[in-house]
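Student: no sequence on this one, just coordinates:
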């Protein structure tokens with residue numbers, strides 16, 4: 001649509017600002033029961049639905065049933081000659097149905113509450129080992145990690161127990177906590193590399209403290225560069241996310257995103273929200289999950305040593321460069337001496353245009369592409385220098401410990 005001088009774009013053509021936020025707000029919501037106005041509003045909505053549905057169903061049933069001999073007998077047996085009819089037909093729920101999958105997965109999904117000097121918050125998690133290990137997001141338990149905080153885990157049946165942090169990784173926004181329980185039912189971990197756009201998924205967690213909430217959707221996209229940690233260093237929180245339209249809201253953080261078999265393919269971590277000026281909050285059909293393959297590697301390291309590693313290319317990127325491509329900064333030390341990039345011949349100012357044949361649009365895409373690998377992996381980097389494209393093989397190394 002062409003816009004003339006001085007004309008204002010119609011509302012449907014105006015740009016909409018979006019921002020990525022963690023599924024759990026930066027300022028944690030109180031881990032208390034919903035306030036009275038919320039309960040009242042919910043109650044009023046439910047009552048209205050029940051009354052409306054009940055009256056409509058009664059009217060239809062009564063009209064149809066009057067001409068049915070068997071039902072007339074039921075009316076005759078009632079005090080005023082009228083009675084409600086009921087169905088005794090059983091609803092079959094196949095193991096592969098949404099209800100069947102939810103029944104299997106829910107016992108292993110937990111609600112996590114934290115209290116600390118910074119306040120209180122809620123999130124979600126799920127059992128990954130039967131001896132009490134639970135996987136969640138780092139930002140769910142971060143405030144309680146200073147030793148003065150407390151973590152409480154509530155299981156689907158209502159049982160609440162204390163938990164302690166085993167290890168955290170702010171780079172991938174992951175954490176493992178442990179409860180003193182045995183013989184728990186651990187969820188099956190799937191293969192996020194095999195996920196394709198359009199696959200059906202189910203998100204389970206405790207949005208706004210509403211435990212055991214199940215929502216459904218599809219995989220909307222893969223390899224989305226998303227920041228979930230909310231830390232001071234933006235690079236440290238980028239992940240190669242799975243995007244889904246399954247409803248994810250604050251409190252869903254750390255809960256599982258499962259496929260049509262009930263296997264975990266991701267960890268719900270972030271949502272995109274409209275700009276603050278729009279007044280809209282909560283799910284708008286843009287949720288993001290950490291791929292389980294990366295989460296599994298990190299969780300195993302955290303359980304074994306309490307620490308984890310992530311791969312680096314050994315360069316500093318110019319985050320102000322808009323692309324296309326990711327430019328190595330023109331500052332001293334931008335290429336780490338004897339690091340992977342240096343050993344492969346890259347220098348300051350080189351423009352990285354692809355990794356393993358995947359085009360790179362900006363620095364964020366390169367960061368998440370590198371972090372989707374493991375230390376020791378070999379990747380093919382194509383870069384431009386003096387308008388000439390060169391491809392090299394780079395062996396990634398583990399980032400030095402802080």
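Tutor: Perfect, I can see it now. Since this is a predicted model, take the numbers as computed values, not measurements. Residues are numbered from 1 along each chain as shown.
Student: only C-alpha atoms for contact and neighbour calcs from this point on.
Tutor: Fine.
Student: which pLDDT value goes with the most centrally placed residue in the chain?
Tutor: Closest residue to the average C-alpha location of the chain: residue 268 at 1.5 Å, with C-alpha atoms, centre = their mean. For residue 268, the pLDDT comes out at 93.
Student: which SS class is residue 370?
Tutor: helix (DSSP: H, G, I helix; E, B strand; the rest coil).
Student: and for it, the neighbour number?
Tutor: Residue crowding around residue 370 was assessed by other C-alpha atoms under 10 Å; the count is 20.
Student: who's in contact with it?
Tutor: For residue 370, the contact set (C-alpha atoms under 8 Å, 6 or more residues apart in numbering) comprises 311, 312, 313.
Student: okay if I get those residues as JSON lines plus neighbour count and distance to residue 168?
Tutor: What follows is the contacts of residue 370, written out as JSON lines (neighbours: other C-alpha atoms under 10 Å; distance: C-alpha to C-alpha, whole Å):
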{"residue": "311", "neighbour count": "20", "distance to residue 168": "16"}
{"residue": "312", "neighbour count": "22", "distance to residue 168": "19"}
{"residue": "313", "neighbour count": "23", "distance to residue 168": "22"}
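Student: ok, now which ones touch the residue nearest to the centre of the chain?
Tutor: Counting by C-alpha under 8 Å, 6+ apart, residue 268 makes contact with 23, 203, 248, 252-257, 287-290.
Student: residue 187 too?
Tutor: With contact set as C-alpha under 8 Å, 6+ apart, residue 187 has these partners: 105, 108, 126, 127, 128, 129, 263, 264.
Student: contacting residues for the last one?
Tutor: If a contact means C-alpha under 8 Å, 6+ apart, then residue 264 has 187, 188, 189, 190, 256, 257, 258, 292 as its contacts.
Student: quick check: closest non-adjacent residue to it.
Tutor: residue 258 (4.2 Å; C-alpha to C-alpha, 6 or more residues apart in numbering).
Student: for residue 164, see how far away the one you found is.
Tutor: Counting by C-alpha to C-alpha, to the nearest Å, the gap from residue 258 to residue 164 is 25 Å.
Student: neighbour count: those two, which is higher?
Tutor: Of the pair residue 258 and residue 164, residue 258 is the one with more neighbours under other C-alpha under 10 Å, namely 27 against 20.
Student: correct me if wrong: the more buried one contacts residue 244.
Tutor: No. Checked against C-alpha atoms under 8 Å, the pair residue 258 and residue 244 is beyond contact range at 11.2 Å.
Student: what sits in contact with each of the two?
Tutor: Jointly contacting residue 258 and residue 244 under the rule C-alpha under 8 Å, 6+ apart are residue 201.
Student: could you verify that residue 167 is part of a strand?
Tutor: Yes. Using three-state DSSP, the assignment for residue 167 is a strand.
Student: nearest residue to it other than its sequence neighbours?
Tutor: Here the residue nearest residue 167, using C-alpha to C-alpha, 6+ apart, is residue 306, at 4.4 Å.
Student: so for that neighbour, what's the pLDDT?
Tutor: 90.
Student: right, and it touches residue 168 too?
Tutor: Yes. Assessed by C-alpha under 8 Å, residue 306 is found in contact with residue 168 at 7.4 Å.
Student: okay, those two: which has more neighbours?
Tutor: Counted by other C-alpha under 10 Å, residue 306 and residue 168 do not tie: residue 168 has more neighbours, with 26 against 17.
Student: please name the bridge partners of the more buried one.
Tutor: Assessed by DSSP bridges, residue 168 has beta-bridge partners residue 175.
Student: also residue 109?
Tutor: If you apply DSSP bridges, the partners that residue 109 bridges to are residue 126.
Student: against residue 305, how distant is it?
Tutor: Distance from residue 109 to residue 305, by C-alpha to C-alpha: 24 Å.
Student: and these two? Which one has more around it.
Tutor: residue 109 (30 against 10).
Student: tell me who's in contact with residue 381.
Tutor: 352, 353, 354, 355, 356, 391, 392, 393, 394.
Student: for it, which non-adjacent residue is spatially closest?
Tutor: residue 355 (4.7 Å).
Student: now do the helices in this structure.
Tutor: Counting by DSSP state H, the chain has helices at residues 36-65, 69-77, 98-105, 138-141, 292-305, 340-344, 363-371.
Student: could you pull up the residues touching residue 212?
Tutor: The contact partners of residue 212, by C-alpha under 8 Å, 6+ apart, come to 106, 109, 110, 156, 204, 205, 206.
Student: filter those residues down to just the buried residues.
Tutor: 106, 109, 110, 204, 205, 206 (16 or more other C-alpha atoms under 10 Å).
Student: check the residues you listed and tell me the two furthest apart.
Tutor: Using C-alpha to C-alpha, those reach their maximum pairwise distance at 106 and 206, which is 11.1 Å.
Student: the closest residue to residue 154 other than its chain neighbours: neighbouring residues, count only.
Tutor: Among residues not flanking residue 154 along the chain, residue 160 sits closest, at 4.2 Å (C-alpha to C-alpha, 6+ apart). With neighbours defined by other C-alpha under 10 Å, the count for residue 160 comes to 16.
Student: from residue 131, how far out is residue 160?
Tutor: Distance from residue 160 to residue 131, by C-alpha to C-alpha: 16 Å.
Student: go on, residue 155?
Tutor: In terms of C-alpha to C-alpha, residue 155 sits 15 Å off from residue 131.
Student: more neighbours: which of the two?
Tutor: The residue with more neighbours, out of residue 155 and residue 131, is residue 155; 21 against 16, by other C-alpha under 10 Å.
Student: now do the contacts for the more buried one.
Tutor: With C-alpha under 8 Å, 6+ apart, residue 155 has these contacts: 107, 108, 109, 110, 111.
Student: residue 298 versus residue 138, what's the distance?
Tutor: 12 Å.
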